[in-house]
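Visitor: just to be clear, the model below is a prediction. Sequence and coordinates:
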Amino acid sequence: MTDDRKSGIALIAGSIGGIVTMAIHPTAGGPLTAEQIGRLAIVSGVAHALAMVSTLVLFLGAFGLAKHIATSDRMSFAGIVIFALACMAIVIAAAVSGFIVPGIMQHMAHDVANMRTWQIVIDAVFQINQAFANIFSVAASIAVILWSASSLRNRGLGRGVAIYGCTVGALIIAGIGIGHLRLNVHGMAVVWLGLTIWFIVAGAELYSLPSNRTSEP
């Protein structure tokens, strides 16, 4: 199997993993019992563990993509460096949201007398999650813009997906910058969907492209 085909599969698989993560991501509103918090912690852990694995798979695919479209202008190289930052940020955000916050909630459920204090702690930790979610969204969008712009200049990918990448990346950055796009569960779903469309189409193009570069036996 060619390197391009492997990279395409990784891009598609990582993107689908992210979609599944958003589909099973728990949402909680109002006070919860200790039993409900326990179930929430399990579902949240599974969802965010899947998000971490999907991110690693997506990065492997992105590395192959960057290699495929690399040219002397270094735009592709800059894209993979920035995307590495994005992946580190989303892994941290997933760890906070999937493991740290549910853990704090379990402590809170057994210490009702200090619930207000625990809520302040959760709110503070959630701000950490939001900071890294913002870093991911902006950095991943910049990476997609760079890869798309490189493809427009050097024809590394189809013109349609390249134009889409430049457009959706700019819209995400603008939405976050003006405060219109808030990165709660629904906001992250919007960001992920917009980027996932690009990754899946780019992955499909890589998968279908003939290449003389084959993997080692």
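Guide: Sure, I can see it. Numbering: from 1, shown residues only.
Visitor: distance of the most far-flung residue of the chain relative to its centre from Ile197?
Guide: For the chain, the residue at maximal distance from the C-alpha centroid (C-alpha atoms, centre = their mean) is Ala113, at 37.5 Å. Per C-beta to C-beta, to the nearest Å, Ala113 is found 48 Å from Ile197. The C-beta positions use only the backbone N, C-alpha and C, and glycine is treated the same way.
Visitor: now do the SS call for the residue farthest from the centre of the chain.
Guide: Following DSSP: H, G, I helix; E, B strand; the rest coil, the label given to Ala113 is helix.
Visitor: CA atoms of the lowest-mean-pLDDT helix or strand in the chain as CSV?
Guide: Ranked by mean pLDDT, DSSP states H and E, the weakest helix or strand in the chain is helix 101-109, scoring a mean of 80. The C-alpha coordinates for helix 101-109 follow below in CSV (Å, rounded to 0.1, in the frame of the first residue of the first chain):
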residue,chain,number,x,y,z
VAL,A,101,-13.7,17.7,35.4
PRO,A,102,-15.6,14.5,36.0
GLY,A,103,-13.1,13.6,38.8
ILE,A,104,-13.8,16.9,40.5
MET,A,105,-17.5,16.4,40.1
GLN,A,106,-17.3,13.1,41.9
HIS,A,107,-15.5,14.7,44.8
MET,A,108,-18.2,17.4,44.8
ALA,A,109,-21.0,14.8,45.0
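Visitor: shaky segments in this structure?
Guide: Confidence mapping of the chain against pLDDT under 70 gives the ranges 27-34, 211-217.
Visitor: switch the cut-off to 80
Guide: Residue ranges of the chain with pLDDT under 80: 1, 25-41, 106-115, 185, 209-217.
Visitor: helices of that one, start to end?
Guide: Using DSSP state H, the helices of the chain run over residues 3-24, 34-69, 75-95, 101-109, 115-154, 159-177, 185-208.
Visitor: my read is that Glu205 contacts Leu157, right?
Guide: Yes. Using C-beta atoms under 8 Å, Glu205 is in contact with Leu157, at 5.7 Å.
Visitor: show the contacting residues for the residue farthest from the centre of the chain.
Guide: Applying C-beta atoms under 8 Å, 6 or more residues apart in numbering to Ala113 gives no contacts.
Visitor: do Phe63 as well
Guide: Ser7, Ile80.
Visitor: if we go to 7 Å?
Guide: Applying C-beta atoms under 7 Å, 6 or more residues apart in numbering to Phe63 gives the contacts Ile80.
Visitor: gap between it and Tyr207?
Guide: Distance, Phe63 to Tyr207, using C-beta to C-beta: 16 Å.
Visitor: Val168 too?
Guide: 21 Å.
Visitor: hang on, Ser141 packs against Cys166?
Guide: No. Assessed by C-beta atoms under 7 Å, Ser141 is found out of contact with Cys166, at 10.0 Å.
Visitor: those two: who's more crowded?
Guide: Ser141 (27 against 20; other C-beta atoms under 10 Å).
Visitor: next, count neighbours for the residue lying closest to that one once chain neighbours are set aside.
Guide: Of all residues not flanking Ser141 in the chain, Gly169 sits nearest, at 3.9 Å (C-beta to C-beta, 6 or more residues apart in numbering). Neighbourhood size, Gly169 [other C-beta under 10 Å]: 25.
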